[in-house]
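Engineer: need a 3D model of the following:
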Amino acid sequence: MNAYETAQALQITGTDSEVVSKLQTLSSSDITADSVREWLRRNSLLAWDGSAWFGTLQDMILAGTLAADLVIGIRNLKALMLGGQKLATTDPTTAVTVWAAVSGIAALVGGDQSATIDSFYALDGGRPFKALTVTEYQSQRSDSQRLSAADQYAAGKMNEVLNPAFADPSRTVATIQAAFTQAATVTI
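Structural biologist: Numbering: from 1, shown residues only. Now for the predicted structure:
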């Protein structure tokens with residue numbers, strides 16, 4: 001499924017730019033709690049020892065140095081890790097929220113922020129629309145609309161001319177050929 005078809009299937013709305021931004025946050029599949037836990041631990045960002053949270057992010061939370069929306073994102077990651085659910089990064093609403101949290105964490109970590117973000121999304125196979133542009137999205141929409149119009153035209157011909165000929169119990173090769181000739185000349 002291309003980006004335009006995915007946006008339609010997931011009912012993503014907005015301007016083309018907004019839709020592309022949302023599509024760029026989607027992952028290939030939902031990310032497991034174990035994967036999130038391991039990524040946070042491996043990067044010394046956050047871990048649970050059975051009685052308390054520790055790591056760079058926890059230290060920043062306790063110091064009160066993080067923005068409120070990032071604290072909420074980290075709390076959501078904590079809940080996910082404790083609850084064992086998957087991180088629904090294939091859902092557009094959740095994906096945008098996760099993207100904001102992971103981008104915020106990457107900014108805190110410093111260094112190559114793109115590499116930090118990519119390492120997170122590599123947990124599930126990456127982001128299929130990471131490099132999508134508005135122009136590509138618009139081209140896919142145009143192609144989809146062109147194909148849809150052609151399919152509707154063909155279905156109309158089938159329903160009006162060909163299907164009745166195929167359903168006729170007294171059909172012959174000649175009547176089927178005549179139906180095809182008629183279908184080629186009738187404007188619907």
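
Engineer: what's the helix or strand for S119?
Structural biologist: Using DSSP states H and E, S119 sits within helix 113-121.

Engineer: what is the helix or strand hosting N163 packed up against?
Structural biologist: Assigned by DSSP H and E, N163 belongs to helix 163-167. Helix 163-167 is packed against helix 173-185, with contacts defined by 3 or more CB pairs under 8 Å, 6 or more residues apart in numbering; DSSP states H and E. In this view, the C-beta of every residue, glycine as well, is placed from N, C-alpha and C.

Engineer: mind listing what's buried along the helix it packs on?
Structural biologist: A179, A183 (16 or more other CB atoms under 10 Å).

Engineer: that helix - contacts with which helices or strands?
Structural biologist: Applying 3+ CB pairs under 8 Å, 6+ apart, we find helix 173-185 packed against helix 163-167.

Engineer: next, the buried residues of the helix it packs on.
Structural biologist: For helix 163-167, burial by neighbour count (16+ other CB under 10 Å) applies to A165.

Engineer: any chance you could list what contacts it?
Structural biologist: For helix 163-167, the external contacting residues (CB atoms under 8 Å, 6 or more residues apart in numbering) are R171, T175, I176, A178, A179.

Engineer: next: stretch 8-26.
Structural biologist: Here stretch 8-26 makes contact (CB under 8 Å, 6+ apart) with 1, 3, 6-7, 89-92, 95-96, 98-99, 127-130, 132-134, 137-138, 144.

Engineer: in helices, which of those residues appear?
Structural biologist: Among those, DSSP state H puts A3, T6, A7, P92, A95, V96, V98, W99, V134, Y137, Q138, S144 in helices.

Engineer: what residue of this protein is the furthest out?
Structural biologist: Centroid-distance maximum for the chain: S170 at 50.8 Å, with CA atoms, centre = their mean.

Engineer: need phi/psi at I31.
Structural biologist: When read as degrees, to the nearest 10, the backbone of I31 gives phi -100, psi 130.

Engineer: now the protein, which segments are flagged as low pLDDT?
Structural biologist: In the predicted model, the chain carries pLDDT under 70 at residues 186-188.

Engineer: so how far is the helix or strand containing Q140 off the chain centroid?
Structural biologist: According to DSSP H and E, Q140 maps onto helix 134-157. Its chain's C-alpha centre and that of helix 134-157 lie 21 Å apart, by CA atoms, centre = their mean, to the nearest Å.

Engineer: compute the inter-axis angle for it and helix 173-185.
Structural biologist: Computed by axes from the mean of the first three to the mean of the last three CA atoms, to 10 degrees, the angle separating helix 134-157 from helix 173-185 equals 140 degrees.

Engineer: what is helix 134-157 packed up against?
Structural biologist: Applying 3+ CB pairs under 8 Å, 6+ apart, one finds that helix 134-157 contacts helix 3-9, helix 16-25.
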